[in-house]
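Attaching a predicted model along with its sequence, questions to come.
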Amino acid sequence: MKTGFRILACAGVLTAFAVAASAADIDGVLIDKMCSAKALSGGQKVASEHDRECAVSPACEKSGYGVYTPEGKYLTFDDAGNTRAIAALKASKKKDDLKVRVTGDVDGDHIKVTRVRLM
């Protein structure tokens, strides 16, 4: 009985650490999926030039959002992240260079977003 309890307690602690370790802060440029191909081929300069007016246009908003990282990777947002991204864009007065810090759980090239903050 004691051994079983110890195993369950250790498993619980390890699971808690694994969940906490998977959350990450990702810095990059907020960009919609439709325009992300330009950034992927043109690099950080092109991503930084993408403007808010384009990002909040109906077609871009419909395509969803993600973050273009300094390493040249594009991480797509989940539905909650898309909602947070459009709210941040509409609340911002920035015109371009949409630097962002995204907090969430990264899984491959997707991120389950818990926070989006334009910087």
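Structure's in. What do you need?

give the contact list for the spatially closest residue to residue 47 that is not a sequence neighbour.
Using C-beta to C-beta, 6 or more residues apart in numbering and skipping residues adjacent in sequence, the residue nearest residue 47 is residue 39, 3.8 Å away. Using the backbone N, CA and C atoms, a C-beta is placed for each residue, glycine as well. Contacts were defined as C-beta atoms under 8 Å, 6 or more residues apart in numbering; by that measure residue 39 touches 29, 31, 46-47, 50, 68, 74.

Among these, name the ones in helices.
46-47 (DSSP state H).

CA atoms of the helix or strand containing the residue nearest to residue 47 as CSV?
If you go by DSSP states H and E, residue 39 is part of helix 33-42. Extracted in CSV, the C-alpha atoms of helix 33-42 (Å, rounded to 0.1, in the frame of the first residue of the first chain):
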residue,chain,number,x,y,z
LYS,A,33,-1.8,32.9,-41.6
MET,A,34,-2.6,34.4,-45.0
CYS,A,35,0.4,36.7,-45.0
SER,A,36,2.8,34.3,-43.2
ALA,A,37,4.1,32.8,-46.5
LYS,A,38,5.6,36.2,-47.3
ALA,A,39,7.4,36.2,-44.0
LEU,A,40,8.6,32.7,-44.3
SER,A,41,10.1,33.5,-47.7
GLY,A,42,11.2,37.1,-46.9
